[in-house]
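Asker: Just to be clear, the model below is a prediction. Sequence and coordinates:
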Amino acid sequence: MFAHITPAFLSAAATLFGVMVMTPHLRSLAAKRQNELDKIQPYLTEVQDKWKAVSGENPEWRKLMNQELMAVWKAHGLSPWGGVKSAALELGIYLLMWIILIVAAADMVVRYSR
């Protein structure tokens with residue numbers, strides 16, 4: 001009755017279950033991060049506008065503006081690269097899922113095409 005269930009099929013099912021369990025958590029982390037970014041956006045815009053107004057006076061204005069922007073990020077306990085970790089992890093999970101599904105499908109094709 002269960003002769004058609006192969007190890008590749010079981011690993012694909014386990015991966016799908018893992019994706020269903022992990023991705024909502026990662027998406028909630030991304031939403032929380034987006035809310036934090038929305039809170040500091042006015043401060044970032046204020047710094048950028050201030051430095052654009054004096055850009056002609058100081059040749060190193062971009063460097064100074066970036067230093068001030070980083071100070072705003074650090075003052076709020078955030079990093080410009082903070083959202084990359086969860087996005088990369090989610091991408092890795094999806095790639096792993098597709099690889100396992102492709103291997104499972106190829107295994108079933110080989111097994112049942114004889």
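Answerer: That came through fine. Note that the coordinates shown come from a computational prediction; the quantities given were computed from them, not determined experimentally.

Asker: how about low-confidence regions in this protein?
Answerer: The model of the chain has pLDDT under 70 over residues 1-6, 114.

Asker: which other helices and strands contact whichever helix in the chain runs longest?
Answerer: For the chain, the helix that runs over the most residues, judged by DSSP state H, is helix 7-53. In terms of contacts (3 or more Cβ pairs under 8 Å, 6 or more residues apart in numbering; DSSP states H and E), helix 7-53 is packed against helix 61-75, helix 84-112. In short, each C-beta sits where N, CA and C put it, glycine included.

Asker: got the angle between it and helix 84-112?
Answerer: 150 degrees (axes from the mean of the first three to the mean of the last three Cα atoms, to 10 degrees).

Asker: Hey, what's the angle from helix 7-53 to helix 61-75? Just curious.
Answerer: Using the same axes, to 10 degrees: helix 7-53 against helix 61-75 is 120 degrees.

Asker: quick one on the thing from earlier: will you turn the helices and strands packed on helix 7-53 into TSV that also has distance to residue 13?
Answerer: Shown next, in TSV, are these (distance: least, Cβ to Cβ, whole Å):
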stretch	distance to residue 13
helix 61-75	42
helix 84-112	9
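
Asker: so which of the ones you listed comes closest to residue 30?
Answerer: helix 84-112 (5.4 Å; Cβ to Cβ).

Asker: same for the closest one, what does it pack against?
Answerer: For helix 84-112, the packing partners by 3+ Cβ pairs under 8 Å, 6+ apart are helix 7-53.

Asker: of all the helices and strands packed on helix 7-53, which lies closest to residue 8?
Answerer: Comparing the helices and strands packed on helix 7-53 by Cβ to Cβ, helix 84-112 comes nearest, at 4.0 Å.

Asker: Report the buried residues of that closest one.
Answerer: 86, 90, 93, 97, 100-101, 104, 107 (16 or more other Cβ atoms under 10 Å).
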